[in-house]
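Undergrad: quick one, structure for this:
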Amino acid sequence: ELPATLRNPPLPRLTDVKRIGTARFVPEGTAEILTAVFTTWNLLDALMAEAEPAYAWQTGYVRELQLRRMVQLVSSPSVKTYCEVGFNGGHSAAAMLYANPRVIVHAFDLMGWKYSNVTSALLKSIFGQRLHMHPGDSRVTVPAWARVHPGKCDLTFVDGDHTTAG
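TA: This is a model prediction of the structure:
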C-alpha cells in the first residue's frame, strides 16, 4: 500500500487528459496561478532573449504588486473579456489567461519586435482560441474593433505607445 503522502500528495495535480493540446495542469488558487505565470514568463523571456540578444535586461513588465491586483480583478466571475493595448512579449496576457480559465483575451500591438510572433505563437499554443491578436497601430485597430464590438471589454489594460505623443 502507498503511503498517504503519495496517495494524496500536497502538490499540484494533473488533470485527466483526453487529447493532446489539452492542459494537463490547470492552476487553482493564487499561489498556483502565480507559479504558472512566473514559469511561463521564464519561457517568454527566453524566447525574447533568443530573438533580440541585444536587449540584455528584462524591461516593460508589470511589478509583482500590480500583477497580484490584475489577477484579482480578472478572476471576478463577471470578467469574460480582457483587452490589452501593448502585448509586447505577452507577459500580461499570459497572466490573465492563467488567472481566469474562462476569459478571452484581445491583445492589440504593433507586433514589431523580432520576438512578437514567437511569443504570441507560444501563448496561442497554450491557450488556443482564448487569445486573439490584433496586429497594427492600436490607434487604428482598437477603435475599429470597438465599433464592431461595443462594450465588449470587461477589463482593459493599457500599456502601449510609450512616446510623448501617446
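Undergrad: give me the phi and psi for His134.
TA: phi -120, psi 90 (degrees, to the nearest 10).
Undergrad: next, the contact list for it, please.
TA: Applying Cβ atoms under 8 Å, 6 or more residues apart in numbering to His134 gives the contacts 106-109, 141-142, 145. The C-beta positions use only the backbone N, C-alpha and C, and glycine is treated the same way.
Undergrad: per-residue confidence at it?
TA: For His134, the model assigns a pLDDT of 99.
Undergrad: that one pairs with what?
TA: Phe108 (DSSP bridges).
Undergrad: for stretch 79-88, which outside residues touch it?
TA: Residues outside stretch 79-88 that contact it (Cβ under 8 Å, 6+ apart): 60, 73-74, 92-93, 96, 100, 102-109, 111, 113, 116, 120, 133, 138, 142, 152-161.
Undergrad: which residues are contacting the helix or strand that Phe127 is a member of?
TA: Assigned by DSSP states H and E, Phe127 falls within helix 116-127. The set of residues external to helix 116-127 that reach it, using Cβ under 8 Å, 6+ apart, is 21, 23, 40, 43-44, 47-48, 51, 87-90, 93-94, 97, 105, 107, 109-111, 131, 133.
Undergrad: now do that helix: distance to the chain's middle.
TA: Distance of helix 116-127 from its chain centroid, counting by Cα atoms, centre = their mean, to the nearest Å, is 10 Å.
Undergrad: equivalent analysis for stretch 64-77, please.
TA: 12 Å.
Undergrad: for that stretch, buried residues please.
TA: The neighbour-count check on stretch 64-77 (16 or more other Cβ atoms under 10 Å) flags 67-68, 70-71, 73-74 as buried.
Undergrad: what's the answer for stretch 124-138, then?
TA: 124, 126-127, 130-131, 133-135, 138.
Undergrad: can I get the CA coordinates of the helix ranked longest in the chain in CSV?
TA: In the chain, assigned by DSSP state H, the helix with the most residues is helix 29-51. Only the C-alpha atoms of helix 29-51 are listed here, as CSV (Å, rounded to 0.1, in the frame of the first residue of the first chain):
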residue,chain,number,x,y,z
GLY,A,29,-5.7,29.5,-6.3
THR,A,30,-3.4,32.5,-6.3
ALA,A,31,-0.2,30.6,-5.4
GLU,A,32,-0.6,28.1,-8.2
ILE,A,33,-1.7,30.8,-10.7
LEU,A,34,1.4,32.9,-9.9
THR,A,35,3.6,29.9,-10.2
ALA,A,36,2.3,29.1,-13.6
VAL,A,37,2.5,32.7,-14.6
PHE,A,38,6.1,33.1,-13.5
THR,A,39,7.1,29.8,-15.2
THR,A,40,5.6,31.0,-18.4
TRP,A,41,7.3,34.4,-18.0
ASN,A,42,10.6,32.5,-17.9
LEU,A,43,9.7,30.8,-21.2
LEU,A,44,8.7,34.1,-22.8
ASP,A,45,11.9,35.8,-21.5
ALA,A,46,14.0,33.0,-23.0
LEU,A,47,12.2,33.4,-26.4
MET,A,48,12.7,37.2,-26.3
ALA,A,49,16.4,36.9,-25.4
GLU,A,50,16.9,34.5,-28.3
ALA,A,51,15.2,36.8,-30.8
